[in-house]
Structure formats: C-alpha cells, structure tokens
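Asker: Sequence plus predicted model, see below.
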Amino acid sequence: MSKRSWSIPSNRGWEVFTCELLQDAGSSTLCDITVQGQYMSRSLVGDTSGEIVPDFDVRLPQVRLDRRSLRDLHADLVSWREEGKYFSRQLEGSDAGGQKLRLYVGPNDRFVREVGKEALGIEYRSGLAMSATWQFLIDQSCAGMAAEELAACLESNLDRPDAKLIG
C-alpha cells in the first residue's frame, strides 16, 4: 500500500476493503474506496472446481470521509486487536452530499466463527439511489495491518499544515 491508501483484508485473503485518500478539504478527505472479493469459479464451462476467481469489484471513487472519524477508526482497530472491543464507526464527513459509510466489527450469526475472528461490516448509502453491505471475517492480524496502514496515511499529511494526526 502507498502512504495514501490503507486496507482491511479478510482473514482468508479472498476479500479486501481499500481506501485511498485523494484530497483534503475542510475537515473532510475525498477518498476512492474499493471492495473486492474472490470466490470459487461458478463457470458453467469446463471443470473449474476449486479455482478461485474474481467475484466482485466495487469502486466508489468520490466518498468524503471525516478525518477525525478516520483517527477514531484507527483507535477502534487498535482496541479490537488488543482488547477484542467491538466497534461501529460512521466515517462520512458532514459535507458528504448524502453519503453514509459505516465500518463495524463484531459477532454475526451468519458466519461460523472461531475465537479471535469476527465479522467486518461495511455499509454504504448514497441518498435513495444506492445501498450496499459487505461482510467478511477478519482477525487481529488483519486489524493490526489495517491500523498500521491507516496511521501511515494519516501521518503522511496530504498537504496539511497540522500533520500530526495520530497520537
């Protein structure tokens, strides 16, 4: 990842949430978000049993996120990694133009879980036009990698004079 992007991978490595910080404006940061996943081939042609192929690739190229909420998300990821504390965090900026983005970590009965693995939920809404939810399992190592990358992004400053955003 570059210092302008961070990601949260699933614990099996088939899914990933990625956020690239593009531009600061006021208290918000314009971001390019992708959610990608792979799955076993569903092809009707030939024997593809067991072959892992791209399954979904969603791009949201202009999502405004609140920088303070991103700092709070960093603390949430660290807290879940170290203490197992579940969280839910709204990330959209106050000037997001009707967009909503929420990330959360916690139990989800739809998943078979093991100790230390919980569901990451990503909920996106844009006015009445679009609503989407993605969920996959993550573990503490996934949260740790995401927290480190997010801290590096926030510290890299994005052309802001008040560069110290973590700590």
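Answerer: Yes, it's here.
Asker: Residue ranges in this structure under the pLDDT threshold?
Answerer: 1-2, 47-48, 113, 157-167 (pLDDT under 70).
Asker: now do 80
Answerer: 1-2, 43-50, 111-116, 156-167 (pLDDT under 80).
Asker: show me where it has strands.
Answerer: For the chain, applying DSSP state E gives strands covering 5-9, 15-25, 28-40, 52-66, 87-90, 99-106, 117-126, 130-139.
Asker: With residue 73 as the reference, name the closest of those.
Answerer: strand 87-90 (4.9 Å; Cβ to Cβ). Every residue, glycine included, has its C-beta placed from N, CA and C.
Asker: about what we covered before: now, of the strands of the chain, which is deepest in the fold?
Answerer: Of those, the one with the most neighbours on average (mean count of other Cβ atoms under 10 Å) is strand 5-9, at a mean of 21.
Asker: Can you tell me what sits against it?
Answerer: 1, 15-21, 103, 120, 138, 142-143, 145-146, 149-150, 152-153 (Cβ atoms under 8 Å, 6 or more residues apart in numbering).
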